[in-house]
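**Q** fold the following.
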Amino acid sequence: MPVHPTAIVDPAARVDAAAEIGPYCVLGAEVAIGARTRLMANVYMEGPLEVGEDNIFFPFSSVGVASQDLKYKGERAWTRIGSRNSIREFVTIHRGTQGGGLETVIGDDNLIMTYAHVAHDCRIGNHVILGNSVGLAGHVTVEDWADVSPFSGVHQFCRIGRHAFVGPYSVIKQDVMPYSLTSAQPDVDVYGANSVGLSRRGVAKSSIEALQTALRLLTRAGLNTSQAVEKIREDVPACAEVEELLAFIAASARGVVKGKG
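**A** Numbers count the residues shown, from 1 in each chain. The predicted structure follows:
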């Protein structure tokens, strides 16, 4: 296990023999680091924290520290990070709280760019991109393959659906529908399906067309959400992606972003 002589590793930390701890890193008790994970330099970690394999943490990232939630009273809470993630410079990731299930969770194969903030009790899936300076407030869920562009902020308890693309400088106050292209130009609006991203990931053209029609009914037809869902059921060819979209809407507690209409 290559540990730089300037690093401070608590004796209670568990670091795999194939991991690498660079200069001036600090690892607290109950930090567990998987094989081939690399902490480049000046990385700060507090436990309880579990980190999987083949991750890379760039300088000055801070992981597993206490929440900024004023309701947090020091209760024992976790941070869990999967494998093959790239955590860039000055990223901050906070552990969970009693009010959110006591854990912050990040999956596999994610890119979290510089200065992004992942607050307490957030859940990030797999293959997610968070752009530079993206801010996730507490209890936010970002589902697989979602892409949140730089300088965007997401309100507490919001969800970003699978394969959604959120444009830069967006302020998200409601759930972002899966497969959608949502951006602030200058107000937050929905611009149909994320067709480019979906095509790259092998989604069938017929499904993309069905999603475009469904999203147009939701955002441009002058219908309320219940009316739009009924119209989609009647007129849009059934496919797994449209069914997922409708299930996401039905489960939304905050409502979904529909834009100016």
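**Q** can you tell me what sits against stretch 18-26?
**A** Here stretch 18-26 makes contact (CB atoms under 8 Å, 6 or more residues apart in numbering) with 1-4, 6-9, 15, 27, 33-45. (Each C-beta comes from the backbone N, C-alpha and C, glycine too.)
**Q** could you redo the last one with a cut-off of 10 Å?
**A** 1-10, 13, 15, 27, 32-46, 51, 53-57, 59-62 (CB atoms under 10 Å, 6 or more residues apart in numbering).
**Q** residues of that stretch that come out buried?
**A** Using 16 or more other CB atoms under 10 Å as the test for burial, stretch 18-26 gives 19-22, 24-26.
**Q** for that stretch, measure first residue to last.
**A** End-to-end distance for stretch 18-26: 18 Å, by CA to CA, to the nearest Å.
**Q** likewise stretch 111-123?
**A** The first residue of stretch 111-123 is 14 Å away from its last residue (CA to CA).
**Q** tell me which residues of that stretch are tucked away?
**A** 112-123.
**Q** farthest-separated two in the residues you listed?
**A** Spatially, the most separated pair among the buried residues of stretch 111-123 is 114 and 121, at 22.9 Å (CB to CB).
**Q** let me know the closest of the buried residues of stretch 111-123 to residue 155.
**A** For the buried residues of stretch 111-123, the nearest to residue 155 is residue 119 (11.0 Å; CB to CB).
**Q** and the closest one, what does it touch?
**A** So residue 119 contacts 67-69, 92-94, 96-97, 100, 104, 135-140, 154, 156 (CB under 10 Å, 6+ apart).
**Q** got the contact list for residue 65?
**A** 28, 44-46, 49, 79, 92-95.
**Q** apply 8 Å and report the result again.
**A** Residue 65 sits next to 44, 46, 92, 94-95 when contact means CB under 8 Å, 6+ apart.
**Q** and it, bridged to which residues?
**A** For residue 65, the beta-bridge partners are residue 94 (DSSP bridges).
**Q** so how far is residue 196 from it?
**A** As for residue 65, its distance to residue 196 is 37 Å (criterion: CB to CB, to the nearest Å).
**Q** so where's the protein uncertain?
**A** 1, 185-186, 260-261 (pLDDT under 70).
**Q** per-domain residue ranges of it.
**A** 8-142, 198-250 (automatic domain parsing).
**Q** returning to that earlier point: closest to residue 167 among the buried residues of stretch 111-123?
**A** Closest to residue 167, out of all of these and judged by CB to CB, is residue 113, at 15.1 Å.
**Q** coming back round to it: so can I have a markdown table of the contacts of residue 65 showing distance to residue 147?
**A** Listed next are the contacts of residue 65 as a markdown table, based on distance: CB to CB, whole Å:
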| residue | distance to residue 147 |
| --- | --- |
| 44 | 27 |
| 46 | 29 |
| 92 | 20 |
| 94 | 22 |
| 95 | 25 |
